[in-house]
Structure formats: C-alpha cells, structure tokens
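K.L.:
how would this look folded up:
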Amino acid sequence: MPEAAGLYYEEHGSGPPLILSAGMGGSGNYWRLNLPALAARFRVILYDHRGTARSDRTVTPKLESIGDDIRLLMDELGIEKASILGHAIGGMGGLSLALDAPERVGRLVVVNGWGRLDPYTRRCFDARLALLRAYGAGKYVDAQPIFLFPPQWISENSDRLDEEARHHVAGFPVEMVEARILEALAFDLIDRLEATAFATPVLLLASDDDALVPPHCSERLAQAIPGAQLVRMPWGGHACNVTDPTGFEARVLAFLGS
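P.N.:
Predicted coordinates for the structure are as follows:
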C-alpha cells in the first residue's frame, strides 16, 4: 500500500501534478468518478486525509493541518509545485497552504468552500454533530445525503446510497469527524486572506443548490481574494462532482488548462 508521511496515496495518469483533497470524510475514494477525465491530462495524486480511511489514524482536527499534510506529501514525492483541487475543507486546506507557501501551489480549485462559517452552515454542522453524538456513525451516514445531494438525485439513487452507507459505516472515523466539525465551527481565514497579496490563481466553484454551504459563501471568498474566478453550477448540490461529473470536470479543466 503506497504511503508517504503517514498518508495513503495513489497516482493516476501523467502530466503536471494535480493533488485531490477530499472534504469532511477525508477519503481519496471521493474522487473516483472524476479520475478518468482528470488523469487524461494530469499526474493525479489522491490521498486519504490523516485520521481517516487508509492513512495514519492520528486525529488531527486543525483544518490548517490539511495544507501541512499536502506539503508533506509533495515533499515525500519530490514535487516542488502542484495544482490542488479541494472539496469544502479540502479546499480550505489548499487555501492555507497557498497562504503559507505560495511557491508550492500552481493553481487552486476550491469546491463549495468558505472562509468564514456562515450562520446557515453552522446550523447544519450543529445538527450533524448532535446526530453523530446521539446516534453514532450509522444514523450520521444515513442522513449525510440530505446535506450532500439534491433531493431528486437522492430519490433516483437511493439503492446506491444504501449500499455505499454500509461500506462507509464500517470504517467511519467518528472521533476525527467530530473533531473536524468542532474545528470547522471556529475556522476563519477571511481576515488573513484580505490582508494578504494573494497571487495564486484560484477558482471558486459553487453549486446554486448546495444545501450545506450556500453559494454566497463562495461569493464572500471571492471578495476576499482579488482576481479569484467564481464559477457557478446551476445544479449538483454540495457534492457536485458526484452528481454532475461531466459539468464539474469541464469547469475545472477549463480553469486548470488556462
């Protein structure tokens, strides 16, 4: 099993390096649907966040540690500079790395992310945390699609979601997810972004129907990052790369190749 700095990783394709960083769950498998399109043009490196899946299961709640681990992974693989595609807190880890070591980040895509937690998203996280603490991983995973996907897509893919839930519960990192939700409730990058001459090219990709992180969160990030591109997807929910992989990949590749 390939491992670097305690992180499980996989490489696919060839070309300029592109690192994929998942959201709250942390598993590199989140990107499986997108691998063929991305690996056709890039040396794609996906990995499991520390504390999750096949990586070192040490709990590291700080969201900035995601950026630190991306840098460690790059060091271990001998990569001086890479583009980063991050979903939600994976994108916020990419922002942290671009602030700390801008010379290491080529282009950065932040999918349905935020710089300062919105009151609406805070209510969602409070509800998810309460569910996890009261009923454990099973009910948390059962409820997760409500926050990730559009209602019609959930209805049309209910059997698939049930099967995936059985797999997710088996290795669900309860302690890590709880710690990350608590950290996300306090995480704030806006002031630092506004005080920095941020030179890394950034794409902020936002879904209009995201039920967890509404698009105005990306709009606020765009105000804090001069020159950032804000691109909207009219449909797809929080996990738009899963529900509309073709539309997602077209927008991401247009930015990474520009």
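K.L.:
Pull the contacting residues for the nearest residue to residue 235 once chain neighbours are set aside.
P.N.:
Excluding the flanking residues, the one nearest residue 235 by C-beta to C-beta, 6 or more residues apart in numbering is residue 209, at 5.9 Å. Every C-beta, even on glycine, is put in place using the N, C-alpha and C of the backbone. Counting by C-beta atoms under 8 Å, 6 or more residues apart in numbering, residue 209 touches 150, 234, 235, 236, 237.
K.L.:
List only buried entries from these.
P.N.:
150, 236, 237 (16 or more other C-beta atoms under 10 Å).
K.L.:
Does the last one belong to a helix, a strand or coil?
P.N.:
At residue 237 the chain is in coil, as set by DSSP: H, G, I helix; E, B strand; the rest coil.
K.L.:
tell me the pLDDT at it?
P.N.:
Confidence at residue 237, expressed as pLDDT, is 98.
K.L.:
can you pull out the strands in the protein?
P.N.:
3-4, 7-12, 17-21, 43-47, 82-87, 105-111, 202-207, 229-233 (DSSP state E).
K.L.:
partners of the first one, with directions?
P.N.:
Note on strand 3-4: by DSSP bridges, its sheet partners are strand 7-12 (antiparallel).
K.L.:
Buried residues, the partner strand. List them.
P.N.:
7, 8, 9, 10, 12.
K.L.:
Quick one: residues contacting the nearest residue in space to the second one that is not next to it in sequence.
P.N.:
Put plainly, it is residue 8. Distances taken as C-beta to C-beta, 6+ apart place residue 54 nearest to residue 8, at 3.7 Å, with adjacent residues excluded. By C-beta under 8 Å, 6+ apart, residue 54 lies in contact with 1, 8, 48.
K.L.:
sorry, back to before: could you dump the strands of the chain to TSV with mean pLDDT?
P.N.:
TSV is the format used below for the strands of the chain (pLDDT from 0 to 100):
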stretch	mean pLDDT
strand 3-4	88
strand 7-12	97
strand 17-21	98
strand 43-47	98
strand 82-87	98
strand 105-111	98
strand 202-207	98
strand 229-233	98
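K.L.:
Low-confidence stretches in the stretch 1-150 of the chain?
P.N.:
Filtered on pLDDT under 70, the stretch 1-150 of the chain yields no residues whatsoever.
K.L.:
Nearest to residue 103 among the buried ones among the contacts of residue 209?
P.N.:
Residue 103 has its nearest neighbour among the buried ones among the contacts of residue 209 in residue 236, at 32.9 Å by C-beta to C-beta.
K.L.:
The closest one and residue 247: what is the separation?
P.N.:
To residue 247, residue 236 is 7 Å away according to C-beta to C-beta, to the nearest Å.
K.L.:
from the buried ones among the contacts of residue 209, which single one is nearest residue 169?
P.N.:
Closest to residue 169, out of all of these and judged by C-beta to C-beta, is residue 237, at 21.3 Å.
K.L.:
shouldn't that closest one be in contact with residue 208?
P.N.:
No. Using C-beta atoms under 8 Å, residue 237 makes no contact with residue 208, being 9.6 Å away.
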